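**Q** Using only what follows, build the 3D model:
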Amino acid sequence: MEQTNTLARARRYEEQHRTPAEKRPVFHAVPPVGWCNDPNGWSCFGGQYHLFYQYHPYGTNWGPMHWGHAVTKDFLHWQDRPCALAPDSPFDQNGCFSGGAMEWKGKQLILYTGVMPEGEGEIQQQCLALGDGETYEKASAPVLTCDEQPAGASRKDFRDPFLFAQDGMVYMLVGGRGFNGHGRLLLYRNPRPEDTAARWEFVQTLAENDGSLGSMWECPGLFTLEGRTVLIISPQFVHQAADDRYHCGNDTAALIGRWDGPGTPFVLQADQPLDSGLDFYAPQTLETPDGRRVLIGWMQNWDHCYPPQDAPWYGQMSLPRELFWQGKVLCQRPVRELDAARRLRVEHCGVEVENGPVTLDGVQGRVLDCDLQVDVRDARRFGVRIACGKACWAEVRFDLEDGLLRLDRRHAGGFRDALELRETPLLAPIGHTLRLRMVLDRYSAEFFLQDGQQVASMTLYNAPADAGGIQFFARGRASMDLRLYDLAL
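**A** Numbers count the residues shown, from 1 in each chain. Okay, the predicted model is just below:
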């Protein structure tokens, strides 16, 4: 397949400027150089898991969107692949935006949003590329135009196709927006998606925002897990006053309900945020050959993107997470491949934490996995400080009397605004025992509370590399058991 000059240039640049391993996370996916945001095309093909992502190789700022590409066999070791798509066609000259991928008739089928100018603005349309896992050939024109939406639709907000197959058909779920400003999810199907002459048939508006959860719904996803249907959305411009489980700005949500298949209504039964932290957006899921549903997201938030000066890359993905149910709660846990890599470094039992800070022998570092079980019946507050150094730290805190989870990054370097601190309700019942798993990887921290009933993520780009202290504190008295693991990666 012939490469365009734009794609060939991007591939040369990333090869010449590839960031060495010691300046990347150990087991989280990042671009080889430059900027990345939303995960795209998260899928299985050719015996590997493929992760594409929104990519601007030439700087650590958002720019003309390409598709970066990485592969993994175990969700922990990532191999860069050459840039997959570049904005080199009239219909995507303003960017190759987010989309999905799947295996179809021996090929890797990609559908993505092409953005092109129109008048003084731009429009968004769905575009096709077919490939072999490394090189991709685009169709010569969009396969689904913005004019093929139901009436009353925005031509500039029609994006982020998600793909799945059922009964010999490929289905495409696309985020759209009505003239009322509310997001909606549009479902199309095609029995021959590889044939650019085959028309995509509109099936239904699967879900529509009533204005209570942001405006535009980006990056949709759809799956069934143990009999329950889940719609993943990333709503923009959420107002926290409407529901304090969600933070202001850009967020993520799981809409949980019942759906009996194409053409039938999606019946919403519950919704929940997917991450209560500072940094998480635009997640996608895939199903593994052994039946697990694995989610990955962009570990960043549009409301505070501040690349460190002279950083070779910016933007990283979350740890891939397995989804499962506890009762009616959609829970997340690190992929079991991380469990297999754990090697016990140190264990402390019955540690009394009263006020603080408390430090423990052998408990430090920026690359680790740690389990805590804390008796908090006599505590009004319990917290952990990580990345502790000279006058710097980041903090996760559980205010048990107020029922709040708090993440505070204001002292971790590079403080810019109030969005470095977040308070959100404790969604998982604590009772007498708080269970917390912390996963740290150089530039990030992910917290899994009460066996994954609530998850909170944050990046740590500006904390000094040698700031590896860990401290514990309480208001009242807490008793803690701790197991800290090194990771054999």
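**Q** from here on, contacts and neighbour counts on C-alpha atoms
**A** Noted.
**Q** Strand partners (parallel or antiparallel) of the host helix or strand of Gly257?
**A** Per DSSP states H and E, Gly257 falls inside strand 253-258. Strand 253-258 sits in its sheet next to strand 228-235 (antiparallel), strand 267-273 (antiparallel), going by DSSP bridges.
**Q** chain center to the helix or strand that the last one is followed by: distance?
**A** Downstream of strand 267-273, the first helix or strand assigned by DSSP H and E is strand 281-287. Average the C-alpha atoms of strand 281-287, do the same for its chain, and the two points are 6 Å apart (CA atoms, centre = their mean, to the nearest Å).
**Q** just checking, what packs against strand 281-287?
**A** Here strand 281-287 touches strand 34-45, strand 217-225, strand 228-235, strand 293-298, going by 3 or more CA pairs under 8 Å, 6 or more residues apart in numbering; DSSP states H and E.
**Q** which one of the strands paired with strand 253-258 lies closest to Leu407?
**A** strand 267-273 (15.8 Å; CA to CA).
**Q** Show residues contacting the closest one.
**A** Here strand 267-273 makes contact (CA atoms under 8 Å, 6 or more residues apart in numbering) with Arg245, Tyr246, Asp251, Thr252, Ala253, Ala254, Leu255, Ile256, Gly257, Arg258, Trp259.
**Q** Going by neighbour count, list what's buried in that strand.
**A** By neighbour count on 16 or more other CA atoms under 10 Å, the buried set for strand 267-273 is Asp271, Gln272, Pro273.
**Q** Between the residues you listed, which sits nearest Tyr136?
**A** Set against Tyr136, the nearest of the buried residues of strand 267-273 by CA to CA is Pro273 (34.9 Å).
**Q** dump the residue contacts of Tyr136.
**A** With contact set as CA under 8 Å, 6+ apart, Tyr136 has these partners: Met1, Ala84, Leu85, Ala129, Leu130.
**Q** Tell me the spacing between it and Ala254.
**A** 32 Å (CA to CA, to the nearest Å).
**Q** how distant is stretch 146-160 from the center of its chain?
**A** Averaging C-alpha positions (CA atoms, centre = their mean) puts stretch 146-160 25 Å from its chain's average.
**Q** Span of that stretch from start to end?
**A** With CA to CA as the measure, stretch 146-160 spans 13 Å from end to end.
**Q** ditto for stretch 62-78
**A** Per CA to CA, the first residue of stretch 62-78 is 23 Å away from its last.
**Q** List the buried residues in that stretch.
**A** Here stretch 62-78 shows 62-72, 75-76, 78 as buried, counting by 16+ other CA under 10 Å.
**Q** what does stretch 182-200 give?
**A** Burial within stretch 182-200, assessed by neighbour count using 16+ other CA under 10 Å, is assigned to 182-191, 193-194, 196, 200.
**Q** Just the CA trace of it, in PDB.
**A** The C-alpha trace of stretch 182-200 is given here as PDB (Å, rounded to 0.1, in the frame of the first residue of the first chain):
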ATOM      1  CA  HIS A 182     -28.000  17.500  23.400                       C
ATOM      2  CA  GLY A 183     -26.000  14.500  22.500                       C
ATOM      3  CA  ARG A 184     -27.400  11.300  21.000                       C
ATOM      4  CA  LEU A 185     -26.100   7.900  19.900                       C
ATOM      5  CA  LEU A 186     -27.000   6.800  16.400                       C
ATOM      6  CA  LEU A 187     -26.800   3.200  15.300                       C
ATOM      7  CA  TYR A 188     -26.100   2.200  11.700                       C
ATOM      8  CA  ARG A 189     -25.400  -1.200  10.000                       C
ATOM      9  CA  ASN A 190     -23.900  -2.600   6.900                       C
ATOM     10  CA  PRO A 191     -23.500  -6.300   5.700                       C
ATOM     11  CA  ARG A 192     -20.500  -5.300   3.500                       C
ATOM     12  CA  PRO A 193     -18.600  -2.500   5.200                       C
ATOM     13  CA  GLU A 194     -15.500  -3.300   3.200                       C
ATOM     14  CA  ASP A 195     -17.400  -2.400   0.000                       C
ATOM     15  CA  THR A 196     -17.400   1.400  -0.300                       C
ATOM     16  CA  ALA A 197     -20.500   1.200  -2.500                       C
ATOM     17  CA  ALA A 198     -22.500  -0.600   0.200                       C
ATOM     18  CA  ARG A 199     -24.700   1.900   2.000                       C
ATOM     19  CA  TRP A 200     -24.900   2.200   5.800                       C
END
